[in-house]
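[1] Quick one, structure for this:
(chains A and B, ligands or ions: 1)
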Amino acid sequence: MVESGSVVRSSIVSSQVELHARYGGVVPEVAGRAHLDLIVPVVSAAVAEAGLEAEDIDAVAATHGPGLVGALLVGVSAAKSLALVWDVPFVAVNHLEAHLYAAFLEEPDLKMPMVVLLVSGGHTILVVMEDHLRYRVLGATLDDAAGEAFDKVARFMGLGYPGGPVIDRLSGEGDPDAVAFPRAMANDGWNFSFSGVKTAVVNHVRKNPEVSAADVAASFQEAVVDVLVDKARRAARELGAEAICLAGGVAANSRLRSRTAQVCEADGISAVIPSRAMCTDNAAMVAAVGWQRLGADGPSPLTAGADPSLQLPVALQLPVV
Amino acid sequence: MAPPMILGIESATSRVGCALGDAAGVLAARESAQPRRHAESLAPQIAEILNECGLRASAIEVIAVDVGPGLYTGLRVGITTAITMAHALDAVMVPVTSLELVARRAADAHADAGAADERAADAGAADTRAADERAADAGAADAGAADERAADERAADAGAADTRAAGRAWERIDAVVDARRGELFHAAFTPAGGWLSEPAVVDPRVLAETLCRTAARTLLVGDGAGVYREVFARAGFDAEQRVVHPSAETLVELAAAAVAAGEVVNADSVRPMYLRGPDAQPIATAVPRGREG
Ligand SMILES: [Zn+2]
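    Got it, this is the predicted structure:
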């Protein structure tokens, strides 16, 4: 429940991490079933915790993509049902756009233009945000998402799921300079590639079975963070951005957070680093975009469906870099 | 006190539909045969039938929903819509299985056809032409409520009349709903719609052989009968096969009876009837815990 697009009245997240850990990763059908079981309790808790009544709710927003279709269908169907019952507008929200808005829930008056590094298990996207709802995708991963690389490396090393937090923790005990893993496309355009570093880790561990897992984890993490931070920094310089903002589940990584803060300080721009709860998937950021989109575009039609491969809309009026 | 207003939501097959009515009958209904458009179609349909009846959502006191077994995509949309609305409206619910809905619809057609036959016999006109006319009548009645209803279903309703006209009566109804991946959801019913077997996932070939060995005159209904038409024919099961989809109107009728009998439940207890596991097994290895958010 979010008021006026930026005041969080309640934010309930029923994480399925434990459930998915039992399967060694996200199984779409398991996720879909769990969503159906949890949707009503989660909505009830959000309304109750905000101390509001149904009559106080002015609109209902839900993610309609991208994501797992079975999960999206539950959210979209529930939101439209509530909009019908409460007789209020329904707003279909792009999940990636919601991540861009997470930071505004903690700092509503962020200065733009701002470079946003959106990194999660499914996405690695570099965006320049010129103004509210006006932004352009500079680049994205050509293969694995950064979070996916963390998961795959963790699985290969037998560290469990999800890989990000495990590698983050283990890296604290290792030497980031122990192994020089490749920094693919570091100085080459705005796109990313993380499948090479993942393969390099696998090869290195196979050739050196006695290697310290902490050193491998720390060196792998350093390689990924280097590429992410260097590219965001270069984009901020070239575009004259006021800030670099982190978003998405991988933005909870402690090394990525500290390195981003460092380079922003060195370059005299702001580092916008949302709390970990705001980086990972949450519904408050969906409500924030719902408020923005409702104001700009009006309600979404009840015929809106789920779009598992929805992309970020691109604002065309921005200058090409 | 007026009888409670019932919303029926049906989405267990490739179709999606809804109906609004009470103990006196169905007031409005929609059905879309456009495949894989459950999420896009259902909410607008509900808004339309409420509008058509001049009602607000708050008038709904009972929500009846097809809980499957059926196709997950559709069930997920229908059941999420039903439980979310029921919770927000503080409405009670009537969960009904897809197999029961299909069998009930066939049983009703059977009973109607039987009554029509008696009238036809009195008039001394129990010939194929009479059956054709009944088929046309049934079609016209259906069309008023759901324009998209397929002609094959009208033929199916009329088929029961053909059988009566030929002097035969069904002794058992087998309902089959397409489960994809070469399987069917199945249950057997009495001609009046009472359960004879538990819902189960079956191999169409095995079911076809079982039906061939069954002495009872068996009516096979449900979209699964159409999907595996050739399998049943090859096994020598040549009773007329009928494509009958579960319908939201039948759901409202069954729910009205359930309300009268006090057989309603809370939304919290309504879940899909999956019958199959989620295609993945938990891994045995220990995993680290403690990730937040
Ligand atoms: Zn996300």
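[2] alpha carbons only for contacts and neighbour counts from here, please
    Fine.
[3] Flag the shaky bits of the stretch 51-200 of chain B, pLDDT-wise.
    B:110-168 (pLDDT under 70).
[4] And chain B, split by domain according to the record?
    B:5-100+B:246-286, B:113-167, B:172-242 (automatic domain parsing).
[5] for those, which one sits closest to chain A?
    Closest approach to chain A among those (CA to the nearest CA): domain B:5-100+B:246-286, 4.3 Å.
[6] So which bits of the host helix or strand of A:Val202 are buried?
    Here A:Val202 sits within helix A:195-207, counting by DSSP states H and E. Neighbour-count burial for helix A:195-207 flags A:Ser195, A:Gly196, A:Val197, A:Lys198, A:Val201, A:Val202, A:Val205 (criterion: 16 or more other CA atoms under 10 Å in any protein chain shown).
[7] Show me where the chain has its helices.
    Answering for chain A, as no chain was given. Taking DSSP state H as the criterion, chain A carries its helices at A:17-23, A:28-49, A:69-86, A:95-101, A:146-156, A:163-171, A:195-207, A:213-239, A:254-267, A:276-279, A:284-297.
[8] wait, chain B
    B:38-52, B:72-89, B:98-122, B:128-145, B:151-165, B:204-213, B:223-227, B:229-234, B:248-260.
[9] So for B:Ala256, what's the nearest residue that isn't a sequence neighbour?
    B:Ala23 (5.0 Å; CA to CA, 6 or more residues apart in numbering or on different chains).
[10] Please report phi then psi for the one you found.
    Recorded main-chain torsions at B:Ala23 are phi -60, psi -20, according to degrees, to the nearest 10.
[11] what separates it from A:Pro299, distance-wise?
    Distance from B:Ala23 to A:Pro299, counting by CA to CA, to the nearest Å: 36 Å.
[12] And A:Phe104, by the same measure?
    22 Å.
[13] now swap in B:Gly262 and tell me
    Counting by CA to CA - B:Gly262 and A:Pro299 are separated by 40 Å.
[14] Nearest the middle, which residue of the chain would you pick?
    Since you didn't name a chain, this refers to chain A. A:Gly248 (1.9 Å; CA atoms, centre = their mean).
[15] try chain B instead
    Chain B, centroid-nearest residue using CA atoms, centre = their mean: B:Pro246 at 1.9 Å.
[16] I'd guessed that residue sits against B:Val102; true?
    Yes - B:Pro246 lies in contact with B:Val102 (CA atoms under 8 Å); the separation is 4.8 Å.
[17] Common neighbours of those two, please.
    Taking CA atoms under 8 Å, 6 or more residues apart in numbering or on different chains as the criterion, B:Pro246 and B:Val102 both touch B:Gly222.
[18] OK, contacts around A:Pro89?
    With CA under 8 Å, 6+ apart, A:Pro89 has these contacts: A:Asp58, A:Ala59, A:Val60, A:Ala83, A:Pro299, A:Ser300.
[19] which one is it nearest to, not counting chain neighbours?
    A:Ala59 (4.9 Å).
[20] Quick check: phi and psi at that neighbour.
    Torsion angles, degrees, to the nearest 10, at A:Ala59: phi -160, psi 160.
[21] give the contact list for it.
    Per CA under 8 Å, 6+ apart, neighbours of A:Ala59: A:Ala83, A:Val88, A:Pro89, A:Phe90, A:Val91.
[22] switch to 6 Å and redo it
    Applying CA atoms under 6 Å, 6 or more residues apart in numbering or on different chains, we find A:Ala59 in contact with A:Val88, A:Pro89, A:Phe90.
[23] try A:Ile269
    Contacts of A:Ile269 by CA under 6 Å, 6+ apart are A:Glu242, A:Ala243.
[24] again with B:Gly8
    So B:Gly8 contacts B:Cys18, B:Ala19, B:Ile63, B:Ala64, B:Val65, B:Ala248, B:Leu251, B:Val252 (CA under 6 Å, 6+ apart).
[25] so it bridges to which residues?
    Beta-bridge partners recorded for B:Gly8 (DSSP bridges): B:Ala19, B:Ala64.
[26] OK, contacts around residue 177?
    The chain I'm using is chain A. A:Ser219.
[27] Actually, chain B is the one I wanted.
    With CA under 6 Å, 6+ apart, B:Val177 has these contacts: B:Leu184, B:Phe185, B:Gly222, B:Asp223, B:Gly224.
[28] Adding distance to chain A and neighbour count, write the residues you listed out as JSON lines.
    Compiled in JSON lines, those are given as follows (distance: CA to the nearest CA, whole Å; neighbours: other CA atoms under 10 Å in any protein chain shown):
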{"residue": "B:Leu184", "distance to chain A": "19", "neighbour count": "26"}
{"residue": "B:Phe185", "distance to chain A": "18", "neighbour count": "26"}
{"residue": "B:Gly222", "distance to chain A": "25", "neighbour count": "30"}
{"residue": "B:Asp223", "distance to chain A": "23", "neighbour count": "25"}
{"residue": "B:Gly224", "distance to chain A": "23", "neighbour count": "26"}
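[29] got the residues of chain A near chain B?
    A:22-23, A:29-30, A:74, A:77-78, A:81, A:85, A:160, A:277, A:302-305 (CA under 6 Å from any CA of the partner chain).
[30] so does stretch B:39-53 get close to chain A?
    Yes - judged by CA under 6 Å from any CA, stretch B:39-53 comes into contact with chain A at B:Ala39, B:Glu40, B:Pro44.
[31] burial of the last one, as a residue count?
    Right, B:Pro44. B:Pro44: 18 surrounding residues under other CA atoms under 10 Å in any protein chain shown.
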